[in-house]
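how does the following fold in three dimensions:
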Amino acid sequence: MNEATNKQEDWMKAAVQVMQQRFEIIKLGGGKKSIDKQREKNKLTARERIEYLLDKDAVFTEIGSFAGFDMYEEQGGCPCGGTVAGIGYISGRQCVVVANDQTVKAGAWFPITGKKNLRMQEIAMENKLPIIYLVDSAGVFLPMQNEIFPDKEHFGRVFRNNARMSAMGITQIAAVMGACVAGGAYLPIMSDETLMVEGNGSIFLAGSYLVKAAIGEDIDNDTLGGAVTHTEISGIADYKFKTERDCLDHIKKIMSKLGEKPKAGFDRIASTHPKRKAEEIYKIISAGNAKTYDMVELIECVVDANSFDEFKKDYGKTIICGYARVDGWAVGIVANQRLVIKNKKGEMQLGGVIYNDSADKAARFIMNCNQKKIPLLFLQDVTGFMVGSRSEHSGIIKDGAKLVNAVANSVVPKITIIVGNSYGAGNYAMCGKAYDPRFIYAWPSARIAVMGGDQAAKTMLQIQVATMKAKGKTVSAEEEKKLLDDLKAKYEIETSAYYAAARLWVDDIIDPFATRQVISEGINAANHNPDMDDFKTGVFQV
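From the prediction side, this is the model:
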């Protein structure tokens, strides 16, 4: 191992360590004092509920753990988006679990909470997975109600999705372990079965204080909408339990009786370990993604040994395409090659840039995978499409549109891993969030933006300086440098994996070591949905 490789490994491991340290803070939710208050009420935390509910030693893939990261600071923050969620196994059945975190503003819904909950419902619908709601929420965070209440992708969409999932035959179970207030009261009632914990669980459109203010009635919350009321009087809830663990145990019983449903039938054989040792994945990308590397080496850290069959190996070399297996699952891989290479004419091509021939090859390969019903894996490290007169005259827009068309119309499940850069239209062509990947994850090294930081900062600087000069202001060299440094600093924050994960542009930031596992779990989830449309491409120029 040479010195450069050592430095790359140290840099990536340090980045992973920072990610893990931040996650440890996030896991505390609203903080230790809030957790202590939860326990004083004989209540488990959201994470403790999920841990107890899920099968021991089975994989749990958390989604949105960095949702809300460094957001809402004026409101005290919203760690994990106020909701702990992911994909795990209950009684051997893979399912989605969503748990309100009552330690974060009493489980109130911030705008990012709504976005995260809708994403979890989307995952359940796309993959036809059962979904379990562990409810403990005070409802909408009123100071921000205008950003969470009325729009299409706001709070009300949750109940629309409840109805749609019910019509789709997707199992929904709601366990009310705390407050379930106002509009939120519809969620458990629109689920298949509703469980309540005595003493803590409550469901009502208006709490006792509002009832007193509205109609003058004096009543306590438990009598108004507690477990006894809703199982013995209103008939709204189906079961009541003395403790949370008893409630969670009953969910396990319900899940254990679910009947088998048809699968998509994606091909899987016995898994083999990758050709390269898994830890070698830390040694590939350099600090700041500044140096080139061979994407094939990264692929060999992820796929089963000797399973990678490259498609059109000697053509369109800035995108690698090929068939492989990940944990036994058949996949089609589309990955940006970061090496500087020669094309078929002997001309040098920049790594991470999409050229005409590579776009053409990738579009054809995606069509092949749709023909064969093979899920697609995109490994993104792309700086965009090639620019300049030569590329424009060769029809780079036409070839790029062909690739975007194939990605947009692809019907097989798509999983995207952003390992490095994800810039401009390259993000779109390589199945960014706007192109409906079933799952999309980022390494800590990921950068997502319309263009690279230096180029963007210099472009914005030119615009600002020109504007100032047009107003008759003189700009010194020192002022220009200060403006440029400020723009670079701002761009550094806004292009980071954390900025993207906070806003759910990616489902989560993952340790590169976990890449193989999240891909396998993603395909397993997708395999539960047998319904796929016929693959059709739109109109494109040839």
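
list the buried residues of stretch 386-396.
386, 391, 395, 396 (16 or more other CB atoms under 10 Å). Glycine gets a C-beta too; all of them are placed from N, C-alpha and C.

let me know the average pLDDT across it.
The average pLDDT for stretch 386-396 rounds to 87.

kindly check the end-to-end length of that stretch for me.
7 Å (CA to CA, to the nearest Å).

repeat that for stretch 374-390.
Rule used - CA to CA; the end-to-end distance of stretch 374-390 is 35 Å.

quick one: it to chain centroid distance?
Put simply, stretch 374-390 sits 21 Å off its chain's centre (CA atoms, centre = their mean, to the nearest Å).

just stretch 473-492 next, same as before
Offset of stretch 473-492 from its chain centre (CA atoms, centre = their mean): 34 Å.

what do you get for stretch 25-41?
For stretch 25-41, the distance from its own C-alpha centre to the chain's C-alpha centre is 25 Å (CA atoms, centre = their mean).

what are the contacting residues of that stretch?
Applying CB atoms under 8 Å, 6 or more residues apart in numbering, the contact partners of stretch 25-41 are 44-47, 65-66, 69, 79-80, 101-105, 200.

rerun at 7 Å
45, 47, 65, 79, 80, 101, 102, 103, 104, 200 (CB atoms under 7 Å, 6 or more residues apart in numbering).

among the buried residues of stretch 386-396, which pair sits farthest apart?
The span of the buried residues of stretch 386-396, defined through CB to CB, is set by 386 and 395 at 11.5 Å.

from the contacts of stretch 25-41, which two are the most distant?
Going by CB to CB, the pair spanning the contacts of stretch 25-41 furthest: 65 and 200, at 25.6 Å.

okay, how far is it across stretch 346-363, tip to tip?
End-to-end span of stretch 346-363 (CA to CA): 23 Å.

coming back round to it: now the contacts of stretch 25-41 as TSV including distance to residue 173, neighbour count and pLDDT?
Output for the contacts of stretch 25-41, formatted as TSV (distance: CB to CB, whole Å; neighbours: other CB atoms under 10 Å; pLDDT from 0 to 100):
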residue	distance to residue 173	neighbour count	pLDDT
45	20	22	97
47	19	18	98
65	23	22	98
79	26	26	97
80	22	26	97
101	19	29	97
102	19	29	95
103	23	25	96
104	23	28	96
200	18	21	94
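
with these in mind, which one is nearest to residue 528?
Using CB to CB, residue 65 comes nearest to residue 528 of the contacts of stretch 25-41, at 23.1 Å.

what sits against that closest one?
Residue 65 makes contacts with 23, 26, 80, 508, as judged by CB under 7 Å, 6+ apart.

and the second one, how many residues sit next to it?
So the one you mean is residue 26. 18 (other CB atoms under 10 Å).

cool, the last one as well?
The number of residues packed near residue 508 is 22, by other CB under 10 Å.

and it, bridged to which residues?
Per DSSP bridges, the residues bridged to residue 508 are residue 441.

isn't it up against residue 61?
No - using CB atoms under 7 Å, residue 508 and residue 61 do not qualify as a contacting pair, with a distance of 8.2 Å.

contacts for the least confident helix or strand in the chain by mean pLDDT?
Lowest on mean pLDDT, DSSP states H and E among the helices and strands of the chain sits helix 453-470, with a mean of 79. Residues outside helix 453-470 that contact it (CB under 7 Å, 6+ apart): 449, 450, 475, 480, 483, 484, 487, 488, 491, 492, 495.

what ranges do the strands span in the stretch 51-200 of the chain?
Counting by DSSP state E, counting those that start in this stretch, the stretch 51-200 of the chain has strands at residues 61-62, 83-90, 93-100, 131-137, 172-181, 193-197.

ok, which of these comes nearest residue 54?
Nearest to residue 54, of all the strands of the stretch 51-200 of the chain, is strand 83-90, at 4.3 Å by CB to CB.

that closest one vs strand 131-137, what angle?
Relative orientation of strand 83-90 versus strand 131-137 (axes from the mean of the first three to the mean of the last three CA atoms, to 10 degrees): 150 degrees.

just the mean pLDDT for strand 83-90, thanks.
For strand 83-90, the mean confidence score works out to 98.

mind listing the strands that strand pairs with, and their directions?
When DSSP bridges is applied, strand 83-90 pairs with strand 61-62 (antiparallel), strand 93-100 (antiparallel).

contact partners of that strand?
Residues outside strand 83-90 that contact it (CB under 7 Å, 6+ apart): 46-47, 50, 53-55, 58, 60-64, 94-101, 113, 116-117, 120, 251-252, 255, 521, 525.

may I have that strand exported as PDB, CA atoms only?
Output of strand 83-90 as PDB, limited to C-alpha atoms (Å, rounded to 0.1, in the frame of the first residue of the first chain):
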ATOM      1  CA  THR A  83     -39.400  10.600  13.400                       C
ATOM      2  CA  VAL A  84     -37.300   7.400  13.600                       C
ATOM      3  CA  ALA A  85     -38.000   5.200  10.500                       C
ATOM      4  CA  GLY A  86     -36.700   2.500   8.300                       C
ATOM      5  CA  ILE A  87     -37.000  -0.900   6.800                       C
ATOM      6  CA  GLY A  88     -36.700  -4.000   9.000                       C
ATOM      7  CA  TYR A  89     -38.200  -7.400   9.800                       C
ATOM      8  CA  ILE A  90     -41.000  -8.300  12.100                       C
END
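
in this structure, where is pLDDT below threshold?
Filtered on pLDDT under 70, the chain yields the residue ranges 1, 453, 542.

how much does the helix ranked longest in it deviate in direction from strand 83-90?
Counting by DSSP state H, the longest helix found in the chain is helix 3-26. Angle, helix 3-26 to strand 83-90, by the same axes, to 10 degrees: 100 degrees.

tell me which helix or strand comes right after helix 3-26.
The first helix or strand that comes after helix 3-26 along the chain, using DSSP states H and E, is helix 32-40.

tell me which residues of that following helix come out buried.
34, 35, 38.

gap between the two ends of stretch 267-280?
Using CA to CA, the end-to-end distance of stretch 267-280 comes to 27 Å.

no wait, stretch 39-49
12 Å.

follow-up on the earlier one: just the CA trace of the longest helix of the chain, in PDB.
Extracted as PDB, the C-alpha positions of helix 3-26 are listed here (Å, rounded to 0.1, in the frame of the first residue of the first chain):
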ATOM      1  CA  GLU A   3       1.400   6.600   0.900                       C
ATOM      2  CA  ALA A   4      -1.400   8.100  -1.300                       C
ATOM      3  CA  THR A   5      -3.600   5.100  -0.600                       C
ATOM      4  CA  ASN A   6      -3.000   5.400   3.100                       C
ATOM      5  CA  LYS A   7      -4.000   9.000   3.000                       C
ATOM      6  CA  GLN A   8      -7.200   8.200   1.100                       C
ATOM      7  CA  GLU A   9      -8.100   5.500   3.600                       C
ATOM      8  CA  ASP A  10      -7.500   7.800   6.500                       C
ATOM      9  CA  TRP A  11      -9.600  10.600   5.000                       C
ATOM     10  CA  MET A  12     -12.600   8.300   4.300                       C
ATOM     11  CA  LYS A  13     -12.400   6.700   7.700                       C
ATOM     12  CA  ALA A  14     -12.300  10.100   9.300                       C
ATOM     13  CA  ALA A  15     -15.300  11.200   7.300                       C
ATOM     14  CA  VAL A  16     -17.200   8.100   8.400                       C
ATOM     15  CA  GLN A  17     -16.200   8.700  12.100                       C
ATOM     16  CA  VAL A  18     -17.600  12.300  11.800                       C
ATOM     17  CA  MET A  19     -20.800  10.800  10.400                       C
ATOM     18  CA  GLN A  20     -21.100   8.300  13.300                       C
ATOM     19  CA  GLN A  21     -20.400  11.000  15.900                       C
ATOM     20  CA  ARG A  22     -23.100  13.200  14.500                       C
ATOM     21  CA  PHE A  23     -25.500  10.200  14.400                       C
ATOM     22  CA  GLU A  24     -24.800   9.500  18.000                       C
ATOM     23  CA  ILE A  25     -26.000  13.000  18.900                       C
ATOM     24  CA  ILE A  26     -29.100  12.600  16.600                       C
END
